[in-house]
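Peer 1: Predicted coordinates and the sequence they were generated for:
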There are 2 protein chains.
Amino acid sequence: MERLSQLAIQMTSASSGGPHPLDPLSPQEIKKVSDVVKQKYAGRKIMFNTVTLREPVKKAYYNWKENGGPLPPRLAYFVVVEDGVSAIQEGIVDIPASALIELRSTEGVQPILTPADLQDTENIVRNDPEVIRQCEISGIPASEMSNIYCDAWTIGYDERWGASRRLQQALMYWRSDEDDSHYSHPLDFCPIVDMNAKKVIFIDIPNRRRKVSKHKHSSFHPKHIQEKFGTPENPSGFRTDAKPYNVTQPEGVDFKMQGNVMNWSNFQFHIGFNYREGIVLSDMSYNDHGKIRPMFHRISLSEMIVPYGSPDFPHQRKHALDIGEYGAGNCTNPLSLGCDCKGVIHYLDAHFPNKDGDPTTVKNAVCIHEEDDGLLFKHSDFRDDFQTTVVTRGKKLIVSQIFTAANYEYCLYWIFRQDGTIKLEVRLTGILNTYVCAEDESTGPWGTQVYPQVNAHNHQHLFSLRIHPRIDGEGNSAATSDAKPSPFPFGSKENMYGNAFYAEKTTFKTVKDSLTNAQASTARTWDIFNPKSINPYSGKPASYKLVSTFCSPVLAQEGSLVRKRAPWAVYSTEVVPYQDEDHGYGRLHPSGEHVAQWSGDGSRGMRKWIGDGSEAIEDTDILFFHTFGITHFPAPEDFPVMPTEIFDLMLRPRHFFTENPVLDVKPSYARTTKEVKAGSKGTDSCSLNVDKTSRLAFNATGAEGASSCCSKK
Amino acid sequence: MERLSQLAIQMTSASSGGPHPLDPLSPQEIKKVSDVVKQKYAGRKIMFNTVTLREPVKKAYYNWKENGGPLPPRLAYFVVVEDGVSAIQEGIVDIPASALIELRSTEGVQPILTPADLQDTENIVRNDPEVIRQCEISGIPASEMSNIYCDAWTIGYDERWGASRRLQQALMYWRSDEDDSHYSHPLDFCPIVDMNAKKVIFIDIPNRRRKVSKHKHSSFHPKHIQEKFGTPENPSGFRTDAKPYNVTQPEGVDFKMQGNVMNWSNFQFHIGFNYREGIVLSDMSYNDHGKIRPMFHRISLSEMIVPYGSPDFPHQRKHALDIGEYGAGNCTNPLSLGCDCKGVIHYLDAHFPNKDGDPTTVKNAVCIHEEDDGLLFKHSDFRDDFQTTVVTRGKKLIVSQIFTAANYEYCLYWIFRQDGTIKLEVRLTGILNTYVCAEDESTGPWGTQVYPQVNAHNHQHLFSLRIHPRIDGEGNSAATSDAKPSPFPFGSKENMYGNAFYAEKTTFKTVKDSLTNAQASTARTWDIFNPKSINPYSGKPASYKLVSTFCSPVLAQEGSLVRKRAPWAVYSTEVVPYQDEDHGYGRLHPSGEHVAQWSGDGSRGMRKWIGDGSEAIEDTDILFFHTFGITHFPAPEDFPVMPTEIFDLMLRPRHFFTENPVLDVKPSYARTTKEVKAGSKGTDSCSLNVDKTSRLAFNATGAEGASSCCSKK
Ligand SMILES: [Co+2]
Ligand SMILES: [Co+2]
């Protein structure tokens, strides 16, 4: 029944029966695009790299959405690599018309690496005679080359080759057995692989050679846990405290989806997904007691960088821009019920082209579910020993994905609270990138020996959150908000007692003003607001406040590849005017369109958008970029697989609503002073959100208060 | 059965059948102590203020616990107020001996305010003729005095009276009806009440008078929501998206309690509770594969301050030290199943003396439960499209309480992750403190008009987390850890590529060194460690890292009451040597023993412990105090009741374990490369932690992947 009504909703979701303009390309559409491209290249050998939605121009989108205008054109952007051609081929296809409307050949750049690109490398490396010789030097005989593994990484940028050839660096490892975790046994040399020529073109060999470690592998698979911890009484070696913790929603979920459009607790937004940014949340609004109030046109993670801190060559090349160089979409995991996601789940699949342009599907790429959100609000009156009370529990909606960047797993949770707060939680897990350390060698301050002969280098995980605000419509501004003592001295008539303080709001007038950093000394936050939408009570503009406290500064120095290739990472915030680009939605990629093997020179991405910093950004169509993340100094606790390290940020509505927006969420319990005095039970529990399943852990007698709150005295 | 086995455990919990040395006083013990005191004061009129456990001297405790020594003496500390006597009477009782072993009369201080103290004030105020006259001036006739309410607050410190009399300031409000929320209707004057004389001794009246607001009350009780949002179709006015979200643990919980001693997922600790700090976690250790490793002797919130930022007299008096002046224990709420706590819960009650010394009980003061903790670790191999994988979900244990400080609710969650992380989450809810604002008046930068004529002043919520570490036993040190670029310039041979960075660890040698502040520019964290316990892999000492990013600096200026009365709030950290005191455990109260009406002058608490800053604090018995919290600039969203504002901090084990300590937690799913190649299902699911209740939100066909992960292809 549920499924049937859901289907009915889906049938009416798009006005013309076709896709919503922001929907990712369907498998059929991918096929259609690749057919158009293949036709153009008939008789030539091409490999498909990217086929993705070219999102509509913003004005065209809202003209359709809000003004009854026509559907924007349905366009796809593609990248193909032609055999023997160094330029990449990119263009735009009009899908309904099956028409190629633009094709260009771009020199001096390299396309994003796909998982398929990474899977080829190991074989190339294993069969290279010089690699075999280097393995022998490391202590692994030629007969064991099938136990040699490599994590194929983007090369970053190496001036010896620049962007002239499509390259990878192969970080080398050994497994004693196919089921080992090879990160216990790194090798000391690094082959450079030409992906088009499919061969090793060079091997970087350190001056100091280090043999492969002979210490036992450290692994995490059940059979290795059994070996390590199993006993006759407990053969599996697993902890025995693993009683089930079940979540059930017998009446189903409170969210509704019409195609990819989510409706939940007054929020409405479109859930998109692409090869690069992964989850994209667009056209987000809040239903404020019947008034639909726009909040954000689009929110996504637009880029990342993971710079490593070892000064030794060639480790400076380890500074993966995972989103631009691999893609949070391309590397996304298929998710599983009860493992990655608990409770009652709705999944969205993701579709990508394979090398031949045929559609492939990652099942369950996006997980959508609700969770209990703990206390949403509470107040009790001390006058009658807290009997006058209201207690309301919240729910949260979570839209999540997990992607694997070689060794690391990035788990991304877009969390919606009923009060209008939007939270992004990141969990880092997976495995440290490791390098071999000789028995008599010190890692120095640049890394940590996390296991015998395993050096995990210091590194950072920095993200660029891209926010395209549309708070109460067009014309938004941004500002820092700093908590500051009154400027008047203690004892002055303006600050007699020295206790006065205020929020200093500094609105960004030009791009230059917006280049700010996190500041603990003023508990800095940032406001994004509509200066024309004034709260009738506070007199302040409708705002979303960015509360973000994990803002590690980039630690590489001026002139480094890191700062050159990630110009957005240098500040905590950058605000630039929005512009449409290239037939569609623009300014998406702050390290440029084609990130792989970019030298970092020239005017691209954020560097170009910042320009001389003079552009006006007040009360206009702005993009707010926020750099956040952590610095990771490894410890043995992170090995052989990391317990999730969690950090988050929030966008909170401030002066957006005229009162607490969750007053109308059903309380779990409520009782007024009069009801307490009359000895009545409080509000009729039928109208309340009474929990009937919570119970005491250790069966108490009745007198112990075993009953749930609906029957509270 | 469960309950029976639990009882059996409890029977054997204390060696002598008596209480654990750190257990809070039982009702019988409170009675015994008050009997001893009453006997001493026979024929005189006394009022009981405090009767609480005097915790044992640290050495005596471990002599009993670890060396088979005798039980430490079971002592109680008490405070009584004698009628007509300005000095407070405080002392120590040996409980088993029913012997008063110390009694002193202390001049010039005032005891903590109990909820009973606060409940008296309203009547005193309502019947005062001058208050009645002032209410008339405010626009409320004498006939309506029963609708006058006051929030009785500690006076802070007012030099006109100092600590000579026991005083409160009465923050005045009007309700049009008993069930209103009076915070919509503040009055402009402030009576000072002598609690012993039970009369108003003065009224602070502002120069500019403001009539009471005639705007309708804004409230949150269901009947007011019905009035505001009810429609014929939806009479209650509540949102209708409120489907049940149920948590069940059919086999019960994974924690075990022996009395107040918790055992959970290798953690062991004692859960105490007192009138002042509320929850106290003591004698915390981790069972590291059979080796019991001490971590912390004691963790608690030792003090708070909530300074307000309006420069106008008498608002500077609003800077409640809620823990020292009211008590997080005294003001704790009785909690309810399914409302405050969801799932399978174990509660602890809290016992306090009433004015007559008789024990009273707050039922369900401490809530203990488990929650799903999301992904604990995951890794998938890109080589076979993420088929080689391990996914493990975590659980967390939560020990929580909620206390009401007049208008505000503080919800405190001590959260344990299976990886050894200890997290403290604070949720602020309840109601803003408000002051009347005339129709034509601006709040200036010092407050926000959150509702017509309601001015909510800027304020801060700052907490002092007190950590008594015992990491791998006695002799601990502390340090800052700052992420810093290599000191060598870009292009130098030590930093050729400019990418090098490291963690600069600065160990505190003396108290002065330990007075540090949060620093965003280096992503500062703090390490607490045992310099003698060196990790065999990393060569670094066993540490717990404090990751705390909500570290608002105190904004009041030098010379202000705030800085004088909360000397601990001036820095993010203070480390001082531990000392036993006054027959028992010492250095508990960083704003001094008796905080109410302390001028802030003289050498007390943290100011005394810091002294000239020269004391050595390396490799010794140290106390680590951490100031954290937020600055709250109110917005209309916070009214008439605040959606919970959430912030947290973490203590993470680093270099404490030699590997990921949760490797032995049962995965939800695991499959090795060989298993993938063999087409087998992966590890026998019987040995895994398979979730059998998760399901899809919208019934998909079988092909849609409806099955939970145990049957994943
Ligand atoms: Co990391
Ligand atoms: Co507040």
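Peer 2: Thanks, I have the structure now. Residues are numbered from 1 along each chain as shown, chains lettered A, B, ... in the order given. Ligands and ions are numbered 1, 2, ... in the order given.
Peer 1: Stretch A:226-245 and chain B, are they touching?
Peer 2: Yes. Judged by C-beta under 8 Å from any C-beta of the partner chain, stretch A:226-245 comes into contact with chain B through A:228, A:229, A:236, A:237, A:238, A:239, A:241, A:242, A:243, A:244, A:245. (C-beta placed from N, C-alpha, C; glycine too.)
Peer 1: Using JSON lines, lay out the residues you listed together with pLDDT.
Peer 2: Formatted as JSON lines, the residues of stretch A:226-245 next to chain B follow (pLDDT from 0 to 100):
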{"residue": "A:228", "pLDDT": "94"}
{"residue": "A:229", "pLDDT": "96"}
{"residue": "A:236", "pLDDT": "93"}
{"residue": "A:237", "pLDDT": "95"}
{"residue": "A:238", "pLDDT": "95"}
{"residue": "A:239", "pLDDT": "94"}
{"residue": "A:241", "pLDDT": "92"}
{"residue": "A:242", "pLDDT": "90"}
{"residue": "A:243", "pLDDT": "94"}
{"residue": "A:244", "pLDDT": "93"}
{"residue": "A:245", "pLDDT": "94"}
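Peer 1: Where neighbours are concerned, which of these has the most?
Peer 2: Tallying neighbours with other C-beta atoms under 10 Å in any protein chain shown puts residue A:245 at the head of the residues of stretch A:226-245 next to chain B, with 24 neighbours.
Peer 1: Could you double-check that that one lies in contact with residue B:370?
Peer 2: Yes. Residue A:245 lies in contact with residue B:370 (C-beta atoms under 8 Å); the separation is 6.6 Å.
Peer 1: for chain A, what spans make up the helices?
Peer 2: A:2-11, A:27-40, A:58-67, A:115-126, A:129-138, A:222-229, A:322-325, A:561-565, A:605-610, A:673-677 (DSSP state H).
Peer 1: among the ones you listed, which is the most enclosed?
Peer 2: Compared across the helices of chain A, helix A:322-325 shows the largest average neighbour count, a mean of 28 (mean count of other C-beta atoms under 10 Å in any protein chain shown).
Peer 1: Burial check on the nearest residue to residue A:672 once chain neighbours are set aside, number of neighbours?
Peer 2: Computed as C-beta to C-beta, 6 or more residues apart in numbering or on different chains, the closest residue to residue A:672 that is not its neighbour in sequence is residue B:179, at 4.1 Å. By other C-beta under 10 Å, 17 other residues sit near residue B:179.
Peer 1: Over to residue A:350?
Peer 2: For residue A:350, using other C-beta under 10 Å, the count is 22.
Peer 1: Same question for residue A:678.
Peer 2: Burial measure for residue A:678: 9 neighbouring residues, criterion other C-beta under 10 Å.
Peer 1: Check residue A:195 too.
Peer 2: Neighbour tally, residue A:195, other C-beta under 10 Å: 20.
Peer 1: For the nearest residue to it once chain neighbours are set aside, give me the pLDDT.
Peer 2: In space, and not counting its chain neighbours, residue A:195 is closest to residue A:166: 4.5 Å by C-beta to C-beta, 6+ apart. The confidence metric pLDDT takes the value 93 at residue A:166.
Peer 1: list the contacts for residue A:166?
Peer 2: Applying C-beta atoms under 8 Å, 6 or more residues apart in numbering or on different chains, we find residue A:166 in contact with A:81, A:110, A:111, A:194, A:195, A:196, A:596, A:597.
Peer 1: Is any residue of stretch A:356-374 near chain B?
Peer 2: Yes. Applying C-beta under 8 Å from any C-beta, one finds stretch A:356-374 in contact with chain B at A:363, A:364, A:368, A:369, A:370, A:371, A:372, A:374.
Peer 1: buried subset of the residues you listed?
Peer 2: When the residues of stretch A:356-374 next to chain B are checked for burial by 16 or more other C-beta atoms under 10 Å in any protein chain shown, the buried set is A:364, A:368, A:369, A:370, A:371, A:372, A:374.
Peer 1: Dump the residues you listed into CSV; add pLDDT as well.
Peer 2: Listed next are those as CSV, based on pLDDT from 0 to 100:
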residue, pLDDT
A:364, 97
A:368, 98
A:369, 97
A:370, 97
A:371, 97
A:372, 96
A:374, 96
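Peer 1: I'd like to know which of these is nearest to residue B:473.
Peer 2: Nearest to residue B:473 among these is residue A:374, at 36.1 Å by C-beta to C-beta.
Peer 1: So residue A:522 sits against residue A:484, correct?
Peer 2: Yes. Judged on C-beta under 8 Å, residue A:522 makes contact with residue A:484 at a distance of 6.1 Å.
Peer 1: Need the residues touching each of the two.
Peer 2: With C-beta under 8 Å, 6+ apart as the test, residue A:522 and residue A:484 both reach residue A:504.
Peer 1: And the pLDDT for the residue nearest to residue A:672?
Peer 2: 95.
Peer 1: What segments of the stretch 451-600 of chain A are strands?
Peer 2: A:454-457, A:459-469, A:477-485, A:501-507, A:525-534, A:541-548, A:573-577 (DSSP state E, counting those that start in this stretch).
Peer 1: Check which helices and strands the fourth one sits against.
Peer 2: What that stands for is strand A:501-507. strand A:477-485 (3 or more C-beta pairs under 8 Å, 6 or more residues apart in numbering or on different chains; DSSP states H and E).
Peer 1: Over to the longest one?
Peer 2: The helices and strands touching strand A:459-469, judged by 3+ C-beta pairs under 8 Å, 6+ apart, are strand A:291-307, strand A:422-430, strand A:622-632.
Peer 1: do that again at 7 Å, thanks
Peer 2: Where contact means 3 or more C-beta pairs under 7 Å, 6 or more residues apart in numbering or on different chains; DSSP states H and E, strand A:459-469 is packed against strand A:291-307, strand A:622-632.
Peer 1: Please apply the same query to the last one.
Peer 2: Contacting strand A:573-577 under the criterion 3+ C-beta pairs under 7 Å, 6+ apart are the following elements: helix A:605-610, strand A:622-632.
Peer 1: mind running it again at 10 Å?
Peer 2: Contacts defined by 3 or more C-beta pairs under 10 Å, 6 or more residues apart in numbering or on different chains; DSSP states H and E place strand A:573-577 against strand A:459-469, strand A:477-485, strand A:525-534, helix A:605-610, strand A:622-632.
Peer 1: relative to strand A:525-534, how tilted is it?
Peer 2: 40 degrees (axes from the mean of the first three to the mean of the last three C-alpha atoms, to 10 degrees).
Peer 1: for strand A:573-577, which positions count as buried?
Peer 2: Neighbour-count burial for strand A:573-577 [16+ other C-beta under 10 Å]: A:573, A:574, A:575, A:576.
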